[in-house]
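K.L.:
structure for the following, please:
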Amino acid sequence: MQIGNVKLDNPFILAPLAGYSDLPFRLLCREYGASLCYSEMISCHGLTYQQKNTLDMLQTIAEERPVNIQLFGSDPETMGQAAAILTDYPIDLIDINMGCPVKKVIKKGAGAFMMKQPELAEKVIKQVCANTKLPVTVKIRTGWSHDKITAPEFAKMIEQAGAAAVAVHGRTWTDGFGGTVDRSVIAAVKKAVSIPVIGNGDILRYQDGLAMMEETGCDAVMIGRGALGNPFVFRPESRPANVAGIIPALHRHLELIEKYCSPQRVLARTKNQAGRYFKGLPGSSKIRQLIYSGKTFQELKDLLTSCR
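P.N.:
Prediction:
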């Protein structure tokens, strides 16, 4: 698997997850086998205005490379400026988000709304490609709605505009995160373009990723919500079936948070992630209650130590 000049050692990729895909989580997923991680969405305006919160989201280290930074926005000139800024960072690829279904992103004409504006989307892609030497990828959905499945044609435009790969979430905008992933559209995109195609949606186990590649012919798979509390999804071995098997992964996650973040400041997000590790495991409800009731990062660490 190769995207532009970036070679990947396996076809399992971490998706951009708003509120989750920070440096500690990306590093954890890389350690568990992800060949490439995408950052959470970065506003092109926040980047060009050099807003501190936006710049903080660009935190990266050499050990996580290759890494793909995802931009969102609908103004071609500003997206190009943002791409030029990113080119000076120690990153490997730039992604353009044209698939996010969240209303606050749609209202700005960005995310999945770009699929309703193919001419503007083409201008955005061309401006980004013109302002960076890095390979550019684009993440899309199957279309705006089920009566407007446009991904194959849209992907052709993406390729012609200069992008090096396209990722397809097998849902429409109207589906949000519900409904069933339509793998047939991912297969149609693969037939329509010659650049690498990354399939995305409902991959909860390593075997699900293999099945998607087999069924659609896509070159790689992207795992999003299936990786939350479950970095094991990047390995052929199944997720541990007991608390004892889960604890080492979460303990490592907390180590990375403590090293690269202000742990108390991100406590709410950390508790959200920690609770996900135990979802569905026998006897885990008490642990999750204790996690959510903790008032400090140290309490969370002490709880895990007692569970070992």
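
K.L.:
what's the pLDDT at the residue lying closest to residue 189 once chain neighbours are set aside?
P.N.:
Distances taken as C-beta to C-beta, 6 or more residues apart in numbering place residue 155 nearest to residue 189, at 4.7 Å, with adjacent residues excluded. The way it works is simple: take the backbone N, C-alpha and C, and place the C-beta from them, glycine included. For residue 155, the pLDDT comes out at 98.

K.L.:
so who does residue 155 touch?
P.N.:
140, 166, 168, 189, 192-193, 197 (C-beta atoms under 8 Å, 6 or more residues apart in numbering).

K.L.:
could you identify the helix or strand that succeeds the biggest helix by length in the chain?
P.N.:
Assignment by DSSP state H gives helix 243-260 as the longest helix of the chain. Per DSSP states H and E, the first helix or strand lying C-terminal to helix 243-260 is helix 267-277.

K.L.:
list the buried residues for that following helix?
P.N.:
267, 270-277 (16 or more other C-beta atoms under 10 Å).

K.L.:
re the thing from before, pick the one among the contacts of residue 155 closest to residue 5.
P.N.:
Taking C-beta to C-beta as the measure, residue 166 is the one of the contacts of residue 155 closest to residue 5, at 17.3 Å.

K.L.:
ok, the helix or strand harbouring the closest one: who's next to it in the sheet?
P.N.:
According to DSSP H and E, residue 166 maps onto strand 165-172. In the sheet, strand 165-172 lines up against strand 136-145 (parallel), strand 197-200 (parallel) (DSSP bridges).

K.L.:
count of neighbours near the nearest residue to residue 108 once chain neighbours are set aside?
P.N.:
Of all residues not flanking residue 108 in the chain, residue 74 sits nearest, at 6.3 Å (C-beta to C-beta, 6+ apart). Neighbour count for residue 74, taken as other C-beta atoms under 10 Å: 20.

K.L.:
now the one 4 residues further on
P.N.:
When neighbours are defined as other C-beta under 10 Å, residue 78 has 19 of them.

K.L.:
tell me the contacts of it?
P.N.:
44-45, 48.

K.L.:
can you redo those residues as CSV with neighbour count?
P.N.:
Output for these, formatted as CSV (neighbours: other C-beta atoms under 10 Å):
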residue, neighbour count
44, 28
45, 17
48, 19
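
K.L.:
export the residues you listed as JSON lines, with columns for secondary structure, distance to residue 184 and pLDDT.
P.N.:
Formatted as JSON lines, the contacts of residue 78 follow (DSSP: H, G, I helix; E, B strand; the rest coil; distance: C-beta to C-beta, whole Å; pLDDT from 0 to 100):
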{"residue": "44", "secondary structure": "helix", "distance to residue 184": "33", "pLDDT": "97"}
{"residue": "45", "secondary structure": "helix", "distance to residue 184": "36", "pLDDT": "97"}
{"residue": "48", "secondary structure": "helix", "distance to residue 184": "39", "pLDDT": "96"}
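
K.L.:
format those as JSON lines; extra columns: distance to residue 300.
P.N.:
Below are the contacts of residue 78 laid out as JSON lines (distance: C-beta to C-beta, whole Å):
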{"residue": "44", "distance to residue 300": "35"}
{"residue": "45", "distance to residue 300": "35"}
{"residue": "48", "distance to residue 300": "37"}
